[in-house]
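In: Sharing a sequence plus its predicted fold:
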Amino acid sequence: MGLYHLDDERQAAVHKIRKRVIENIGRNMDLYGIPLSTGHLYGLLYFADKPMNLDEMGQEMKMSKTSMSTGVRTLLDYKMVNKVWEKGSRKDLYEVEYDWYQSFVDFFDIKWRKSVESNIMVLRKALDETEKLHKEHEHDEVLAAVLQEDQAKMREAVAYYKWLERLIDTFVDGDIFNYVPKEPPEGKS
């Protein structure tokens, strides 16, 4: 049974509750660098009774199809929304990924791994450059001391990022849930 099978008063009460949750989801997604409107879009899809197309989303959120498309593309990129096929429909339909644990893992993997790889690459290049500079000026004791300190700091940073890669792997392969088990849903009130 969908929301639209309720009378106006009960529909309004459910809308009010959902709106509060959707607004909060939007604010929280801002922590992950996702725009507020895209967070609201995720919340809309989360409560949708069926997959929605861009026109339906735009109508519900009173936003342009272009804005909806941008938001959906962001959510697709982070694997928080799935494109679904429905017999007889010519328009692309989307539904939310209801497994929030998996959504977090996918998002964490996509965002953090890219950052880690970039940082390791930059640090390794900087280590190579400091080594080259040291060889070019091997008799400069002051420069050698500065470079050794910098190299020690950069090696420490590389070690941290390699640890972070392993942490990301524990999320991706599901091992994290051996250390921090998923919470069972709370009972009905």
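Out: Sure thing, it's come through. What you are looking at is a predicted structure, and each value in this text was computed from that prediction instead of being measured. Numbers count the residues shown, from 1 in each chain.
In: pLDDT value on residue 86, please?
Out: We have a pLDDT of 84 for residue 86.
In: Give the burial count for it, as a bare number.
Out: 13 (other C-beta atoms under 10 Å). In this view, the C-beta of every residue, glycine as well, is placed from N, C-alpha and C.
In: Please name the nearest non-neighbouring residue to it.
Out: residue 93 (5.4 Å; C-beta to C-beta, 6 or more residues apart in numbering).
In: What of residue 64?
Out: In space, residue 64 is closest to residue 58, 6.3 Å off (C-beta to C-beta, 6+ apart).
In: Let me know the distance separating the residue nearest to residue 86 from residue 182.
Out: Separation of residue 93 from residue 182 (C-beta to C-beta, to the nearest Å): 28 Å.
In: can you check residue 53 too?
Out: 32 Å.
In: center of this structure, which residue is that?
Out: Nearest residue to the geometric centre of the chain (C-alpha atoms, centre = their mean): residue 107, 3.2 Å.
In: Touching, that one and residue 78? I think so.
Out: Yes - at 4.9 Å, residue 107 counts as touching residue 78 under the criterion of C-beta atoms under 8 Å.
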